[in-house]
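Enquirer: here is a sequence together with a model predicted from it:
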Amino acid sequence: MGFLKQLLGLEQDKEIPGLAAAIERAVNRVEPHLKQIGGYPRIFRKSIAAALEYSRHLAASVPGPIDINRTTYVKSHFVHALFPSVDFIQEALCASQSMRDFHGNHPLAGNVYALMGMRRWEKTALGMELLGDVVHRDVLQNMVYFTSHTVENPSLSEEETREMVAWSFFDKLIDLVAKRIEARKQQKTDLLREKDWLAARLHEATDETRPALTEEMTKLLGQTQQVVAALDLGCYAKDFEAVLLDPAQYLRIEQTSMYLDDMGVRRESGEGAPGEVVEFNDLIGFDRRQWTVTLVHCSDIHVETYAERLDAAYRRLAI
């Protein structure tokens with residue numbers, strides 16, 4: 001009987017935790033009036049279920065959590081490469097508004113998990129290098145370094161942080177659906193503006209110019225009708241499907257492997273310099289920038305308030 005239901009397409013879709021909330025969340029984010037059209041929420045179920053499952057899979061694939069502290073800064077090539085100095089670890093945490101808000105709500109939290117994103121750069125610089133027993137100066141080296149450290153989705157457990165990250169990925173995909181629809185609305189505005197301009201030209205047209213302008217107006221009216229028809233709420237499900245049934249096209253994680261020495265210098269693995277292969281995971285499509293991401297674990301941290309940071313800055317200036 002189950003096989004017959006599957007063959008006839010009568011078997012119910014598998015239950016996905018949080019799907020009902022995800023559909024409502026997505027529709028509210030794009031156009032709340034979609035709840036009033038026929039077939040809601042059924043017509044959005046397939047695409048939004050795909051987006052939710054993909055977002056959770058993507059969040060689960062984010063590496064980590066890695067411990068970030070003074071010990072791992074010394075022992076881990078990966079952690080050492082992420083920060084310009086060991087003191088910058090604390091600065092990065094204190095600069096995060098999400099971490100400050102979390103610390104304000106959980107002042108006694110001993111362990112914090114969060115998503116950290118950074119911009120990865122490479123530059124050529126002169127440095128020192130030990131070749132055999134001789135130290136060579138002014139050697140061209142390819143340095144790997146990171147800027148714009150951002151800490152988001154802090155929580156008390158890895159599981160909670162990954163779920164928060166999954167929902168942020170989901171929201172990004174839904175925003176792309178909204179952006180697709182907004183582009184069509186802008187196209188309609190542009191076409192109507194062009195129609196008014198053509199109508200004014202037709203009003204002043206001569207017998208020689210009128211036929212070409214009339215043909216252009218006919219073509220423009222056809223384009224406008226197509227765009228207006230596509231803006232009917234009943235057509236929005238196609239926009240959800242266009243983005244959410246192929247989410248990896250818009251949001252994904254790509255890996256880059258590098259062989260780094262103790263100082264963050266990129267080398268070839270056969271050069272003989274001490275180091276190790278480090279995997280960087282880059283989040284593609286979240287915004288216009290490319291972010292290297294990892295889950296981090298912080299223990300026994302003190303996130304300074306803005307007032308504390310300002311007071312410390314004044315003290316440094318006074319020295």
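Expert: Received, thanks.
Enquirer: what residue ranges in the stretch 201-319 of the chain are flagged as low confidence?
Expert: Applying pLDDT under 70 to the stretch 201-319 of the chain flags residues 269-274, 300-319.
Enquirer: give me that answer again for 80
Expert: 261-264, 266-275, 300-319 (pLDDT under 80).
Enquirer: now do the strands in it.
Expert: 252-261, 265-267, 275-284, 291-299 (DSSP state E, counting those that start in this stretch).
Enquirer: can you add distance to Ala229 and give the ones you listed back as CSV?
Expert: In this view, the C-beta of every residue, glycine as well, is placed from N, C-alpha and C. Formatted as CSV, the strands of the stretch 201-319 of the chain follow (distance: least, C-beta to C-beta, whole Å):
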stretch, distance to Ala229
strand 252-261, 33
strand 265-267, 54
strand 275-284, 34
strand 291-299, 38
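Enquirer: deepest-packed of those, please.
Expert: Sort the strands of the stretch 201-319 of the chain by mean neighbour count, taking mean count of other C-beta atoms under 10 Å, and strand 291-299 sits at the top with a mean of 19.
Enquirer: if I pick Lys179, what's in contact with it?
Expert: By C-beta atoms under 8 Å, 6 or more residues apart in numbering, the contact set of Lys179 is empty.
Enquirer: assumed it was part of a strand.
Expert: No. Using DSSP: H, G, I helix; E, B strand; the rest coil, the assignment for Lys179 is helix, not a strand.
Enquirer: quick check: the gap between it and Lys185.
Expert: 11 Å (C-beta to C-beta, to the nearest Å).
Enquirer: could you do Glu163 as well?
Expert: Counting by C-beta to C-beta - Glu163 and Lys185 are separated by 33 Å.
Enquirer: which of the two has more residues huddled nearby?
Expert: It is Glu163, of Glu163 and Lys185, that has more neighbours when counted by other C-beta atoms under 10 Å, with 18 against 11.
Enquirer: mind checking which helix or strand that one is in?
Expert: helix 158-203 (DSSP states H and E).
Enquirer: how far is that helix from where the chain is centred?
Expert: 17 Å (C-alpha atoms, centre = their mean, to the nearest Å).
Enquirer: thanks a lot, see you next time.
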